[in-house]
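Enquirer: Turn this into a structure:
(one chain, ligands or ions: 1)
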Amino acid sequence: MNTTTNANLFSRLFDGLDDPNRLAIEQLDGSRISYGDLIARAGQMANVLVERGVRPGDRVAAQTEKSVSALVLYLATVRAGGVYLPLNTAYTLNELEYFITDAEPSLVVCDPAKLDGIKAIAAKVETLDASGKGSLTEAADKAAKEFATVPRANNDLAAILYTSGTTGRSKGAMLSHDNLASNSYSLVDYWRFTDKDVLIHALPIYHTHGLFVASNVTLFARASMIFLPKFDPDAILKLMARATVMMGVPTFYTRLLQNPGLNKDATKHMRLFISGSAPLLADTHREWSARTGHAVLERYGMTETNMNTSNPYDGDRVPGAVGFALPGVTVRVTDPETGKELARETIGMIEVKGPNVFQGYWRMPEKTKSEFRGDGFFITGDLGKIDDKGYVHILGRGKDLVISGGFNVYPKEIESEIDAMPGVIESAVIGVPHADFGEGVTAVLVCSKGADVSEASVLKALDGRLAKFKMPKRVFVVDELPRNAMGKVQKNILRDTYKDIYAK
Ligand code: AMP
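Expert: Numbering: from 1, shown residues only. A predicted model of the protein is given here:
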């Protein structure tokens, strides 16, 4: 195999680079890393990985703070033919033990603070701290920059990302070189990325959004990114004066909207705002448009599939919808029981097929089999519909569906009604054990300061707007909803908090 036919993501990202001096990454301290530097640093680190015994197909697990070195570790692992396995920085040692035992990485890279604990559970460990320094970079600094990228085939694994696992054990989604490359190519095209783009990168890089969507798309386009260690609304607002694109989770948008400096002038250099990983409230979409003149482009994806759908670049970016299937991806909605395809506008299970869809769950062949249909469609677990214009709408995870008195209640439908009430910022509707109904529909909401919203006022406003079986039996007003780092509302926590409210 020569380099032009090498399916290794690294070769596909960097072969044929026109100008090594082209800027790839800049940081808030003013440091700038060119494409040439990035390739050289990945070469040095790949040499260290090989020297530490990483062979093609071996896993390299990393629980590190976000830094350019951590991104280089991802690129180096892929370049060496290894399988990159990033781990959420929030995981405790106890949780890490599960991942390390399950994935059997040949090398673990962690923060120096966790070194002793990890040494007890992993054979080979290197360190990398928040500033991107550690035993790994010390060794890499001395290593040769040249490294022959290891040839890989399309379906060889490039990464394993564990799903967040809110129900049961977390599963390792196996992603191939072609899964990642094909999706990035599509997105560069769909979102019109060019080498003139400057991306504000404030997402974590242990998740598909920040690692693959943001980083791969930027590098494929030969664009550059401003790498922020974390989400910082003030810094982002300033950066908008010279950046062109921001990718964020919905909380980025709601938090930025709280900043009085956000207006048309502050965003006039930007060409695109993209949101995903959790639903962007239609209200947030509208408010953002009104304040900035930019319609946020919402897309839908998941760890297992990369990106599936996107609102159009040209044409209507519909608030509350996630757009059309990306080129090469097929999305259908089926009856969850029979798998039969449903007509437009009918709610069912979202299924996807395409080069973006993963290779299965690590060492879980039975689980993998049960999540695919015989014709190759992956059952996403998300409920939704395709409207008569072809836009996909997500109505929530299947496991969040409430079944009350034998009737299906789709939380999003009730949340949309509640969110539209004056004084309500957002809401989450959950099902809680109920002796008579199986589950009792329960609403938890957040209101703006001083708003005159109560359980009685919400129930009164919903009366007549919703069928009786969909009406919440209880309504709770709270200060904020529990969210994970990607901005997803953690309904499992809410279900736990309110689990006894209907106990007799
Ligand atoms: P993750 O694997 O952590 O990326 O989570 C994937 C899940 O996030 C999907 O299955 C959806 O439930 C949800 N999700 C991602 N993007 C969106 C979106 N734009 N709107 C609604 N839900 C989304």
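Enquirer: quick one, what contacts His255?
Expert: Wrong residue type there; residue 255 is Arg, not His. With contact set as C-beta atoms under 8 Å, 6 or more residues apart in numbering, Arg255 has these partners: Phe231, Pro233. Quick note: C-beta positions are derived from backbone N, CA and C, even for glycine.
Enquirer: Put the alpha carbons of the host helix or strand of it into CSV.
Expert: If you go by DSSP states H and E, Arg255 is part of helix 250-257. Taking Å, rounded to 0.1, in the frame of the first residue of the first chain, the C-alpha atoms of helix 250-257 are listed here in CSV:
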residue,chain,number,x,y,z
PRO,A,250,-26.8,24.6,23.3
THR,A,251,-25.5,25.9,26.7
PHE,A,252,-22.8,27.9,24.8
TYR,A,253,-25.7,29.8,23.1
THR,A,254,-27.8,30.3,26.2
ARG,A,255,-24.8,31.5,28.1
LEU,A,256,-23.6,33.8,25.4
LEU,A,257,-27.1,35.3,25.1
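Enquirer: Check whether whatever helix or strand comes next after it comes into contact with the ligand.
Expert: Downstream of helix 250-257, the first helix or strand assigned by DSSP H and E is strand 272-275. No - using C-beta under 6 Å from any ligand atom, we find that strand 272-275 stays clear of the ligand, coming within 6.7 Å at best.
Enquirer: what about the next helix or strand along the chain from strand 272-275 and the ligand, any contact?
Expert: Later in the chain than strand 272-275, the nearest helix or strand by DSSP H and E is helix 282-292. No - on the criterion C-beta under 6 Å from any ligand atom, helix 282-292 is out of touch with the ligand, staying 10.9 Å away.
Enquirer: which helices and strands sit right next to helix 282-292?
Expert: If you count contacts as 3 or more C-beta pairs under 8 Å, 6 or more residues apart in numbering; DSSP states H and E, helix 282-292 packs onto helix 250-257, helix 411-419.
Enquirer: what does the average pLDDT come to for the following helix or strand past that helix?
Expert: Remark: after helix 282-292, the chain's next helix or strand is strand 297-302, criterion DSSP H and E. Mean pLDDT, strand 297-302: 98.
Enquirer: Any buried residues in strand 297-302, and which?
Expert: Of the residues in strand 297-302, Leu297, Glu298, Arg299, Tyr300, Gly301, Met302 count as buried by neighbour count, 16 or more other C-beta atoms under 10 Å.
Enquirer: and which of those is nearest the ligand?
Expert: Met302 (3.4 Å; C-beta to the nearest ligand atom).
Enquirer: tell me the contacts of that closest one?
Expert: So Met302 contacts Thr208, Asn308, Thr380, Asp382 (C-beta under 8 Å, 6+ apart).
Enquirer: is it true that Val245 touches Ile200?
Expert: Yes - under the contact definition of C-beta atoms under 8 Å, Val245 touches Ile200, with a separation of 7.1 Å.
Enquirer: Excluding chain neighbours, what is closest to the closest residue to the ligand within the stretch 401-504 of the chain?
Expert: Residue nearest to the ligand within the stretch 401-504 of the chain: Met486 (5.7 Å; C-beta to the nearest ligand atom). Nearest residue to Met486 in three dimensions, chain neighbours excluded: Ser277, at 4.4 Å (C-beta to C-beta, 6 or more residues apart in numbering).
Enquirer: Can you report how many residues neighbour the one you found?
Expert: 26 (other C-beta atoms under 10 Å).
Enquirer: Torsion angles phi and psi at it?
Expert: Here is the backbone geometry of Ser277 (degrees, to the nearest 10): phi 90, psi -20.
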